[in-house]
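Colleague: Return atomic coordinates for the entry below.
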Amino acid sequence: MSPAVDQGAEPTSEPVAEPRTWGRYFGRPGRSLTRRLIWLASAWIVVALVLTGYVLTSQFQESALRRLGATLLDTIDETVVATNATDFSVVTRPIGDARTQRLLSGKYWVVAEVRPNGEVHFLSRSASLPVGELTVPAELPDRLADARGQVISYDDIGPKGEPLRVAASMKELPGRTRPVVFIAAIDRSDVDADTRQFARVTWIALLILGLGLVAAVFLQVQIGLRPLFGLRNEIADVRKGRAARIVQHYPVEIQPLAEQVNRLLDANQETVERQRTHVGNLAHALKTPLSVMLAEAGSQSGALPDLVRKQSEIMKAQVEHHLRRARAAARAQSLGERTPIGDVLDEMAVMLERVFEEKGVEIDWRAPDDLAFRGERQDLQEILGNLMENASKWSKRRVRVSAGPTGLGQMVVVVEDDGPGLPADQREAALERGARMDETTPGSGLGLSIVVELTRAYGGRITLGDSDMGGLKVLLELPSAEL
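Modeller: Residues are numbered from 1 along each chain as shown. The predicted structure is shown next:
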């Protein structure tokens, strides 16, 4: 059996720089169109809901504070009405609000004046406010002077440590030359509690809404991109040899893409057919003159005719080799081809057992029923036929062929025999075009080189090892067509 040699790994191309896309700014998920759409939509949903929650809670709080402000303004107006003032005294009658009559009720009023040193001096206070229990900010006199007649609001701490909403206003009263400061305060604890409750309910509702929107976006993207997934699967089927064309109909946005892919497949097939035609024409044009030369040289005797005949045979073999290689390279570019390997192995085994019937060669082959070669039947016959013929030629009686998938879009065919084998230092030479390890054995020596060329044309490779049967083991890697 003639051996094969590992041709080595194909050289790898230089790494291509990744283009700058929006996916680069969203991490690895951005490399997926589905994840990119979901991430972008989710980011917008989160931003929109956060802004919505902030605006709603802020507006609720502002509305509640405005209601407190209106209540405080009413208290100031009542206090102004209940106040009699002169340059020597200020007297304020109790107002009608019962809360201002109950000690530490949470609602207070104060009548005061600003002295020349800037100190705010209390002139009278509500019964609800203990003496000295209401603080006044140091900047309040200046603010009141700048906004004379207007109401100024601020927050403070009450006698019980409760948060207060305070309103103050400086007014001119009849009978008094100096202005009087009116201050009203109210406990804002209930308003703050309502605001927190509103914010809690709002954020929970927005969170549920956000999760629902993200789920809806996910479903929308999955359903919306389903035609793209279908197109991707059909293209994969064409590439793996399970289909020849894209046959499904798609939405108007991507149907032109499907049509362009079909046109590309048609153009590729047309190119392959044109190459086959050119190769066939070339073969016909070269074989005819060579056949004439061989016929003429064979009809004569002598040194010159023998030389012409021998060189013509070599030329014919070389032409057939290179034409076969060109045809294989053209066919390897075609998509959608699928050849069941079991049928070819059975065909080759039956034929070779008949050829080597006198020698009693037995060929045992095994292959899964669904295993197929991604290429043309003629090329697979050429590859396996040469390997199995060489194994039968060099074997004692037994040849074993096994095939199986590798799970990486490739399949492995192992051809073994029980022959004498071949030393490791002669294996590489056995693969060279025209090389023959035994000149007593008939043949041109081109069989294995043809196998190597065809295998390379399909992106496969051949490696060599020792068989447990005693002879050589040829391991052949070829592309497989998936179901």
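
Colleague: Could you list every helix and strand that the top helix by length along the chain packs against?
Modeller: Determined from DSSP state H, the single longest helix within the chain is helix 33-81. The contact analysis (3 or more CB pairs under 8 Å, 6 or more residues apart in numbering; DSSP states H and E) places helix 33-81 against strand 107-114, strand 151-157, strand 163-171, strand 180-187, helix 189-224. Heads up, the C-betas are built off the backbone N, CA and C, glycines and all.

Colleague: This protein - how does it break down into domains?
Modeller: Listed domain ranges for the chain are 83-189, 269-332, 339-479 (source: automatic domain parsing).

Colleague: The last one spans what distance, first to last residue?
Modeller: Okay, so that is domain 339-479. 11 Å (CA to CA, to the nearest Å).

Colleague: quick one: that domain to chain centroid distance?
Modeller: 41 Å (CA atoms, centre = their mean, to the nearest Å).

Colleague: next one: the second one
Modeller: Relative to the chain's own centre, domain 269-332 is displaced by 51 Å; criterion: CA atoms, centre = their mean.

Colleague: averaged over its residues, what pLDDT does it have?
Modeller: For domain 269-332, the mean per-residue pLDDT is 72.

Colleague: Quick one: residues in contact with stretch 193-209.
Modeller: Applying CB atoms under 8 Å, 6 or more residues apart in numbering, the contact partners of stretch 193-209 are L49, T52, G53, L56, T57, F60, Q61, A64.

Colleague: Can you tell me which of these are classed as buried?
Modeller: Among those, those classed as buried by 16 or more other CB atoms under 10 Å are L49, G53, L56, T57, F60, Q61, A64.

Colleague: List just the nearest of the residues you listed to A43.
Modeller: A43 lies nearest to L49 out of these, by CB to CB, at 11.1 Å.

Colleague: and the angle from the longest helix of the chain to helix 189-224?
Modeller: Relative orientation of helix 33-81 versus helix 189-224 (axes from the mean of the first three to the mean of the last three CA atoms, to 10 degrees): 160 degrees.

Colleague: so helix 33-81 versus strand 163-171, what angle?
Modeller: Using the same axes, to 10 degrees: helix 33-81 against strand 163-171 is 50 degrees.

Colleague: Next, the buried residues of the very next helix or strand once past helix 33-81.
Modeller: As assigned by DSSP states H and E, the chain's next helix or strand after helix 33-81 is strand 83-85. For strand 83-85, burial by neighbour count (16+ other CB under 10 Å) applies to T83, A85.

Colleague: so what secondary structure elements neighbour strand 83-85?
Modeller: Using 3+ CB pairs under 8 Å, 6+ apart as the contact test, the elements touching strand 83-85 are strand 90-92, strand 180-187.

Colleague: Pull up the pairing partners for it, direction included.
Modeller: According to DSSP bridges, strand 83-85 forms sheet pairs with strand 90-92 (antiparallel).

Colleague: what does the partner strand contact?
Modeller: The contact list for strand 90-92 (CB under 8 Å, 6+ apart) reads T79, A82, T83, N84, A85, V111, E113, L123, S124, R176, V180.

Colleague: If we use 7 Å, what do you get?
Modeller: The contact list for strand 90-92 (CB atoms under 7 Å, 6 or more residues apart in numbering) reads T79, A82, T83, N84, V111, L123, S124, V180.

Colleague: What residues of it count as buried?
Modeller: Those would be V90, T92, for strand 90-92 by 16+ other CB under 10 Å.

Colleague: go on, stretch 99-107?
Modeller: Neighbour counts using 16+ other CB under 10 Å place T100, S105, G106, K107 of stretch 99-107 among the buried residues.

Colleague: These into JSON lines, with extra columns for distance to A138?
Modeller: Output for those, formatted as JSON lines (distance: CB to CB, whole Å):
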{"residue": "T100", "distance to A138": "26"}
{"residue": "S105", "distance to A138": "27"}
{"residue": "G106", "distance to A138": "25"}
{"residue": "K107", "distance to A138": "24"}
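
Colleague: Can I get the helices and strands packed on strand 83-85 in CSV including mean pLDDT and distance to P405?
Modeller: CSV is the format used below for these (pLDDT from 0 to 100; distance: least, CB to CB, whole Å):
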stretch, mean pLDDT, distance to P405
strand 90-92, 89, 100
strand 180-187, 94, 80
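
Colleague: Looking at these, which one is packed in the most?
Modeller: Most buried of those, by mean neighbour count (mean count of other CB atoms under 10 Å): strand 180-187, with a mean of 24.

Colleague: partners of it, with directions?
Modeller: Sheet pairing for strand 180-187, assigned by DSSP bridges, gives strand 107-114 (antiparallel), strand 163-171 (antiparallel).

Colleague: export those strands to a markdown table and tack on mean pLDDT?
Modeller: A markdown table is the format used below for those (pLDDT from 0 to 100):
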| stretch | mean pLDDT |
| --- | --- |
| strand 107-114 | 92 |
| strand 163-171 | 93 |
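
Colleague: can you list those in a markdown table and add distance to A429?
Modeller: Shown next, in a markdown table, are those (distance: least, CB to CB, whole Å):
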| stretch | distance to A429 |
| --- | --- |
| strand 107-114 | 110 |
| strand 163-171 | 97 |
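
Colleague: Which of those strands sits closest to E428?
Modeller: Here strand 163-171 is closest among those (CB to CB), at 92.1 Å.

Colleague: quick one: that closest one to strand 151-157, angle?
Modeller: 150 degrees.

Colleague: Can you name the residues in contact with strand 163-171?
Modeller: The contact list for strand 163-171 (CB under 7 Å, 6+ apart) reads 65, 68-69, 72-73, 76, 80, 140, 144, 148-158, 179-189, 192.

Colleague: Look up how far Q101 lies from the spatially closest residue to A82 that is not a sequence neighbour.
Modeller: Once flanking residues are discounted, A82 sits nearest to R93: 4.4 Å by CB to CB, 6 or more residues apart in numbering. According to CB to CB, to the nearest Å, R93 stands 12 Å off from Q101.

Colleague: and if you look at D77?
Modeller: For D77, the distance to Q101 - CB to CB - is 18 Å.

Colleague: again with P141
Modeller: Note on P141: its distance to Q101, by CB to CB, is 29 Å.

Colleague: now V350
Modeller: Applying CB to CB to V350 and Q101 gives a distance of 118 Å.

Colleague: same deal with G149?
Modeller: For G149, the distance to Q101 - CB to CB - is 28 Å.

Colleague: now V451
Modeller: Taking CB to CB, one finds V451 at 112 Å from Q101.

Colleague: Strands along the stretch 251-400 of the chain, start to end?
Modeller: For the stretch 251-400 of the chain, applying DSSP state E, counting those that start in this stretch gives strands covering 339-340, 362-366, 372-373, 398-405.

Colleague: what about the residue nearest to A82, how many neighbours?
Modeller: Applying other CB atoms under 10 Å, we find 12 residues neighbouring R93.

Colleague: can you start the count at 41 instead of 1 from here on
Modeller: That works, and once the first residue is 41, the last one we named lands at R133.

Colleague: Surely it touches V120?
Modeller: No: using CB atoms under 7 Å, R133 makes no contact with V120, being 11.5 Å away.

Colleague: low pLDDT regions in the stretch 341-490 of the chain?
Modeller: Applying pLDDT under 70 to the stretch 341-490 of the chain flags residues 360-376, 470-487.
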